[in-house]
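Q: only the shape, not the letters, is given here:
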């Protein structure tokens, strides 16, 4: 989490400012230099911007040209994982609603009012499921389809649990 951001409209971390671009670039370089060039490195399909931080163009180009894995996780599992990771929004519904405002240009007033209503009702499961299926999944599909030239050859990786043991097992199998 060098960028101190999760890379989406809701990616801000509670009470953590992002570092400067210069600090991030230096920390990223130091981290990359520790990698063993003989081993594979797996990275999340990320855009060139993570919050206010910009990834180096050479890194983005390398990511786009690399082989791909397509991790397939059931919606309910993804929702449960996000509710855990983004608990700070559940604890602060008005901040959650405020941070959704940039999505207005994609989904309009009626949809944002609906999502705000779900948040006020405490129906976070429905809210997150809709946010994934109506916004994030189509958005990421478009972006990855346009940028990752090897996506059509991606190895599919089923992931039915987000537990540490399940993640370790998948990592070991790769």
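A: Arrived safely, thanks for sending. Being a predicted model, the structure only gives us computed values, none of them experimental.

Q: domain ranges for the chain?
A: 1-66, 72-174 (automatic domain parsing).

Q: and the closest residue to residue 125 other than its chain neighbours, what element?
A: The spatial neighbour of residue 125 that comes closest, neighbours along the chain excluded (CB to CB, 6 or more residues apart in numbering), is residue 79 at 5.7 Å. No exception for glycine: its C-beta is placed from N, CA and C like everyone else's. Using DSSP states H and E, residue 79 maps to helix 75-85.

Q: do the same with residue 128
A: Judged by DSSP H and E, residue 128 forms part of helix 124-131.

Q: now do that helix and helix 75-85, the angle between them.
A: 110 degrees (axes from the mean of the first three to the mean of the last three CA atoms, to 10 degrees).

Q: next, the angle from the helix or strand just after helix 124-131 to helix 124-131.
A: Sequence order places helix 137-147 as the next helix or strand after helix 124-131, per DSSP H and E. Counting by the same axes, to 10 degrees, helix 137-147 lies at 30 degrees to helix 124-131.

Q: what about the closest residue to residue 167 other than its chain neighbours, distance to residue 148?
A: Leaving aside its sequence neighbours, residue 167 sits nearest to residue 159 (CB to CB, 6+ apart; 7.8 Å). Distance of residue 159 to residue 148, computed by CB to CB, to the nearest Å: 19 Å.
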